[in-house]
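Trainee: Could you look at this predicted model? Sequence included:
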Amino acid sequence: MKLKLLVLLFVLPLSACNVLRGTGDLGVVIERATGSVQIIDSTKRVALSKVNGLGDLSHASIVYSRDERFAYVFGRDGGLTKVDILKSEIAKRIIQSGNSIGGAISQDGKLVSVSNYTPGGVNVFNAETLKLVESIPATYGKDNKQSKVVGLVDAPRQRFVFSLYDAGEIWMADFTSGKADITKFKNIGKNPYDGLITPDGRYYIAGLFGEDGLALLDLWHPEKGVKRILADYGRGSKKMPVYKMPHLEGWAMTEDYAFFPAVGRDEVLIMDRRSWKQVKKIAVHGQPVFVMARPDGRQVWVNYAYPKNDTVEVIDTESLTIIKTLKPGKAVLHMEFTPRGEQVWVSARDAGKVTVYDTATFEPLTTLPMQKPSGIFFTNRAHRIGL
Amino acid sequence: MKINIYLFIVTLIYFSQVNAQQEKPSPQNPSTQRQAELHNLLIQDCGSCHGMTMKGGLGPALTPDVLKSKPRKMIEVTIANGRAGTPMPPWNKILTSEEITWMVDTLYAGVKQQ
């Protein structure tokens, strides 16, 4: 009986392309050093297959087509790869710039955009064909220099919003007409290093490296311009060193609070979502990188920067205390919850594995060997604004 | 002129560092195992900003081609003390000066991919 089950487990993934199936419980794990991805199944908790040939995947990220069949993988080397996760093969691949950092997909799923460091700007592609629709150079200043672009997200009404690291600007590109109609917000602060959009698609927030505070743009009222919130947020007067830039994309939002990583300090900060004021801070193990809420908002999971990156802590959002400390292995890079939050998948890059935890008991359910795993992305991201 | 003053200050900082470190017993070159860890740190962690192939990202490219026009000491000081006004943090609380020297040697020679 056991043997039969084992045989079945081996045969199932191989025959996946012959059997009808959905993709709602699938995901993709980036193997950053080998330029490969593994396709995972969160129901069976297995890796189904591997796709090679995706280039330099340091700091790679993924968005999904709205049918949850294709993963668009954004590589560091400017590669944009469309992976068919059902067939487990590359559907299309282009090199669209010299050096890129992330991407987004439009509300209607027809446009995929990529933010680039070199040359600085955003390229927008037809999601179906990966043909260039428009190239937006991030030029600024009198000499028309090009800025590195960070924090690119999609926003409702065919908009992409992004930040210009060198220029200190936020741009909103509206593709309603099929061509980019660009609104520029200048002097938003020094060196925006990442951005996020709230899950309702209303507020775009950029983190600033060059000064304290955050830049907030209300996309319901862009005419009101960018305002500064959390004036004390940042490295403060002592300018603490930051060993890994905190990621804002995963900003944890519960009903009342937003949980977010302090910059350069061993703290998770808590802000009132209505007043945009900081109400509390929690001392944690190290400099936080990702602060992620379980989908029901009851827990917040936090990982840390080098050299304290072997640890994950769990904060209870009711008592605002740390209720669990886990050691998933060396160099924990990312955590991804299943859509309803019963599991969390945690990658440990230097330990070469992904561990799946039960979020109610904190017990590891299984461990999957991977080569230098980093980002983990489940297909339910296809239907979430900003992801 | 500005550059000269900058270099002068950088050199001063560097030598004050070296003097401070000479007081301590000088450890040997990193062990083979430590070299493997440092190599991993270089590719994976430095690579988060400078690219795993050192061709640059948020931080500048650190390929031998780019580095050959830059004074070696400036690179060592930058790793040790970080660079104000940029995200580059100081590593002198995490790495020894010998380890930083090993890092710089490796960068000038070209980082071999694992």
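Mentor: All right, it came through fine.

Trainee: CA atoms for contacts and neighbours, from now on please.
Mentor: Will do.

Trainee: ok, how many other residues are close to the closest residue to residue A:283 other than its chain neighbours?
Mentor: Spatial nearest neighbour of residue A:283, excluding adjacent residues (C-alpha to C-alpha, 6 or more residues apart in numbering or on different chains): residue A:267 at 4.7 Å. Residue A:267 has 18 neighbours, counted by other C-alpha atoms under 10 Å in any protein chain shown.

Trainee: what do you get for residue B:85?
Mentor: For residue B:85, using other C-alpha under 10 Å, the count is 12.

Trainee: OK, contacts around the nearest residue in space to it that is not next to it in sequence?
Mentor: In space, and not counting its chain neighbours, residue B:85 is closest to residue A:210: 6.6 Å by C-alpha to C-alpha, 6+ apart. Each residue near residue A:210 by C-alpha atoms under 8 Å, 6 or more residues apart in numbering or on different chains is listed here: A:189, A:190, A:191, A:192, B:85, B:86.

Trainee: wait, isn't the third one in contact with residue A:151?
Mentor: No - with contact defined as C-alpha atoms under 8 Å, residue A:191 does not count as touching residue A:151 (11.6 Å).

Trainee: So which of these two has more stuff around it?
Mentor: residue A:151 (28 against 24).

Trainee: Disregarding flanking residues, what is the spatial nearest neighbour of residue A:304?
Mentor: Excluding its sequence neighbours, the residue lying closest to residue A:304 (C-alpha to C-alpha, 6+ apart) is residue A:288, at 4.4 Å.

Trainee: Pick out the residue in chain B sitting closest to chain A.
Mentor: Nearest residue of chain B to chain A (C-alpha to the nearest C-alpha) works out as residue B:89 at 4.9 Å.

Trainee: quick one: that residue is in a strand?
Mentor: No - assigned with DSSP: H, G, I helix; E, B strand; the rest coil, residue B:89 falls outside any strand and is coil.

Trainee: Next, count neighbours for it.
Mentor: Residue B:89: 19 neighbours (other C-alpha under 10 Å).

Trainee: which residues touch the residue nearest to it when sequence neighbours are not counted?
Mentor: Closest residue to residue B:89 apart from its sequence neighbours, by C-alpha to C-alpha, 6+ apart: residue B:82 at 4.4 Å. Residue B:82 makes contact with B:88, B:89, B:90, B:91, according to C-alpha under 8 Å, 6+ apart.

Trainee: The second one touches residue A:245, doesn't it?
Mentor: Think residue B:89. No - between residue B:89 and residue A:245 there is no contact under C-alpha under 8 Å: 10.4 Å.

Trainee: Looking at strand pairing, list the partners for residue A:355.
Mentor: residue A:346, residue A:367 (DSSP bridges).

Trainee: List the residues that contact it.
Mentor: With C-alpha under 8 Å, 6+ apart, residue A:355 has these contacts: A:328, A:345, A:346, A:347, A:348, A:364, A:365, A:366, A:367, A:368.

Trainee: Check those residues and tell me the two furthest apart.
Mentor: For the contacts of residue A:355, with distances taken as C-alpha to C-alpha, the pair at the greatest spread is A:348 and A:365 (15.4 Å).

Trainee: These two: which has the busier surroundings?
Mentor: Legend: neighbour count by other C-alpha under 10 Å for residue A:348 and residue A:365, higher for residue A:348 (27 against 14).

Trainee: tell me which parts of the stretch 251-387 of chain A are close to chain B?
Mentor: residue A:306 (C-alpha under 8 Å from any C-alpha of the partner chain).

Trainee: Can you pull out the low-pLDDT segments for chain A?
Mentor: For chain A, the stretches flagged by pLDDT under 70 are A:1-18, A:235-239, A:249-250.

Trainee: Most proximal residue of it with respect to chain B?
Mentor: Ranking the residues of chain A by distance to chain B (C-alpha to the nearest C-alpha) places residue A:241 first, at 4.9 Å.

Trainee: tally of neighbours for that residue?
Mentor: When neighbours are counted by other C-alpha under 10 Å, residue A:241 registers 20.

Trainee: For chain B, just list every one of the helices.
Mentor: For chain B, applying DSSP state H gives helices covering B:2-22, B:32-40, B:47-50, B:64-67, B:72-81, B:97-109.

Trainee: Which of these has the lowest mean pLDDT?
Mentor: The minimum mean pLDDT among the helices of chain B belongs to helix B:2-22 (a mean of 52).

Trainee: The most centrally placed residue in chain B: what's it in contact with?
Mentor: Nearest to the mean C-alpha position of chain B, by C-alpha atoms, centre = their mean, lies residue B:79 at 3.7 Å. Neighbouring residues of residue B:79 by C-alpha under 8 Å, 6+ apart: B:88, B:89, B:90, B:91, B:92, B:100.
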